[in-house]
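Undergrad: return atomic coordinates for the entry below.
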Amino acid sequence: MIALITPTGARPNQFKLCSLFMQRQTYQGEVVWIIIDDCIPVTTNCVQEDFRDNWTIIKIYPKPPWHPSQNTQGRNISAGLNMLFKNYKTKDIEGIFIIEDDDYYRPVYLEKMVPRLSGVQATGERNTIYYNVYYRTYFINPNTGHSSLFQTAFTIEALPIFERYIGEQFIDMMFWSHLTKVNLFNDNNLSIGIKGIPGRYGIGAGHTRLRHMPRDYDWRYLVKLIGMEDARLYYCFFNNRDERSPLFQRRIH
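TA: Numbering: from 1, shown residues only. The predicted structure follows:
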C-alpha cells in the first residue's frame, strides 16, 4: 500500500484539478489518500469515499482553521502522517507521497515512482519545471541535489528525518540534504509545478513573476509539456481576459 498526503484549503480550482489527476493515475496497487483541508468553507467535497476502486479516502479538518498570512503546511502534513499511522501498520506502507494541490501529475506518475522507492529512502525528479498560468511564464529549477516537495516520495526509513524538518518553511531542501540513499532522476517531467491559479497563496517557487522567467506568449511551451488537452485546463487562468481564448486557439492549433 502507498499513502498520499495532500494538505489543502481555500483552493477549489487547484484541488478539483488535483482530484482529476489522481483519478487518472494508472497505478493499480492499493492507495490511501489522506486529504487535510484546513479552511472554512471546505473545498474538497469533489472527492468522496467511492472516488476509485482500491483507494481509501481519509479527510482531516484541523482546528483552528487557516487564516491569511499563516503557513500551516507543516501542521497539516503532520496531521496526515498521524492519521496514517493511527490506521495502518508501518510494515504495510510501501511509500509516502506528498501530493500537492496546485501541481500537475501525469497519469503514470505513481506507477513510475513506486518502483524507484526500492532500496532507497526517497525518490523524486530533479530540475523541476515551474509554470505560472496567470503570467504565462516558466522556469527550470536547477535542483540537482533534491526534489521539490510535491514530487517527493519516501519510505518508512526516511520518516524520522522527514518529521525532524516538517516545521521548516522549505521542508524539501532540509529533508533531502540529510538523506544518504536516494534515487533522483529525470523522466520526461512526471510532475510539473503549476502556479498562478486563483486561491490561497503559496510559498514556493513560481508563484510570483520574476524577470528571468521567459514568457510563453502563445502557450506553446505548456502544450509541449503536457499536451493540448491538458493545457486547455489552465488557459482560463491567464490574467488578460480579452486575450485568453483567442490567443490560445489562434496560435496553437
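
Undergrad: buried sites along the longest helix seen in the chain?
TA: Counting by DSSP state H, the longest helix found in the chain is helix 73-87. Residues Gln73, Gly74, Arg75, Asn76, Ile77, Ser78, Ala79, Gly80, Leu81, Met83, Leu84 are the ones in helix 73-87 that count as buried (16 or more other CB atoms under 10 Å). Yep, even glycine has a C-beta here, placed from its N, CA and C like the rest.

Undergrad: could I get those residues as CSV with pLDDT and distance to Asp187?
TA: Formatted as CSV, those follow (pLDDT from 0 to 100; distance: CB to CB, whole Å):
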residue, pLDDT, distance to Asp187
Gln73, 91, 26
Gly74, 92, 29
Arg75, 94, 32
Asn76, 95, 28
Ile77, 96, 25
Ser78, 96, 30
Ala79, 97, 31
Gly80, 97, 26
Leu81, 97, 27
Met83, 97, 30
Leu84, 97, 27
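
Undergrad: which of the residues you listed lies closest to Asp38?
TA: The closest of the buried residues of helix 73-87 to Asp38 turns out to be Asn76 (CB to CB; 5.6 Å).

Undergrad: please list all residues in contact with that closest one.
TA: Pro7, Gly9, Ile36, Asp38, Ile60, Pro62 (CB atoms under 8 Å, 6 or more residues apart in numbering).

Undergrad: and the first one, how many neighbours?
TA: Just to be clear, that refers to Pro7. Residue neighbour count, defined by other CB atoms under 10 Å, stands at 25 for Pro7.

Undergrad: pretty sure it contacts Asn71?
TA: No. The criterion here is CB atoms under 8 Å, and Pro7 misses it with Asn71 at 10.6 Å.

Undergrad: gap between the closest residue in space to Cys18 that isn't next to it in sequence and Ile60?
TA: Nearest residue to Cys18 in three dimensions, chain neighbours excluded: Asp101, at 4.7 Å (CB to CB, 6 or more residues apart in numbering). In this view, Asp101 and Ile60 are 14 Å apart by CB to CB, to the nearest Å.
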